[in-house]
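In: Provided below for reference: sequence and predicted model.
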Amino acid sequence: MGANIGSSVTNTLVSMGHITRKEEFKRALAEATVHDFFNVMCVIILLPVEMAFGYLEWLSQYVAAVFEGAGGMKFASPIMMAVTPAVDLLLDLMDNKGTLSLIVALVFMYLSLTILWTLFRF
């Protein structure tokens with residue numbers, strides 16, 4: 001239910017990205033508002049029912065019991081495999097200094113987002 005409220009804020013912020021294009025902004029804000037109402041109505045309906053009867057707690061405990069002891073599987077992320085050597089190299093070069101690593105990570109993130117923005121801007 002917290003995710004419902006959080007996504008309500010997120011979709012409104014995303015719709016603000018279209019504020020310079022009047023027609024796109026009107027549609028984006030309308031869709032964000034519809035999504036907000038859906039999320040809020042879900043919380044208004046489901047939270048009191050959960051508080052009164054505890055059905056979500058019961059259901060989650062039942063599902064957890066069904067899968068208890070089942071063998072898990074490990075997901076091998078191709079992105080993680082691709083970036084791990086570079087990350088390890090950077091950490092070795094910086095002697096595991098946290099602040100410097102954070103600054104380098106933020107610079108890489110900024111550059112990546114800037115490149116994506118310039119490549120896929122419509």
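Out: Happy to help now that I have it. Numbers count the residues shown, from 1 in each chain.
In: ok, which stretches of the protein are helices?
Out: With DSSP state H, the ranges of helices along the chain come out as 2-15, 22-53, 55-67, 78-93, 98-120.
In: would you list the ones you listed in TSV and tack on mean neighbour count and mean pLDDT?
Out: For the C-beta atoms, the positions are set from N, CA and C on the backbone; glycine is no exception. Formatted as TSV, these follow (neighbours: other Cβ atoms under 10 Å; pLDDT from 0 to 100):
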stretch	mean neighbour count	mean pLDDT
helix 2-15	14	80
helix 22-53	13	89
helix 55-67	10	90
helix 78-93	10	85
helix 98-120	10	84
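In: Return the backbone torsion pair for E68.
Out: Backbone torsions of E68, given as degrees, to the nearest 10, read phi -60, psi 130.
In: measure it to M41 for me?
Out: 34 Å (Cβ to Cβ, to the nearest Å).
In: E24 now?
Out: Counting by Cβ to Cβ, the gap from E24 to M41 is 26 Å.
In: Name all residues that make contact with the residue nearest to I19 when sequence neighbours are not counted.
Out: The shortest distance from I19 to any non-neighbouring residue, by Cβ to Cβ, 6 or more residues apart in numbering, is to F25 (5.1 Å). Residues near F25 by Cβ atoms under 8 Å, 6 or more residues apart in numbering: S15, H18, I19.
In: Any chance of a markdown table for those residues, columns distance to L89?
Out: Shown next, in a markdown table, are the contacts of F25 (distance: Cβ to Cβ, whole Å):
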| residue | distance to L89 |
| --- | --- |
| S15 | 40 |
| H18 | 40 |
| I19 | 41 |
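In: which one of those is nearest M73?
Out: Among the contacts of F25, S15 lies closest to M73 (Cβ to Cβ), at 37.6 Å.
In: so what's that closest one up against?
Out: F25, A28, L29, E31, A32.
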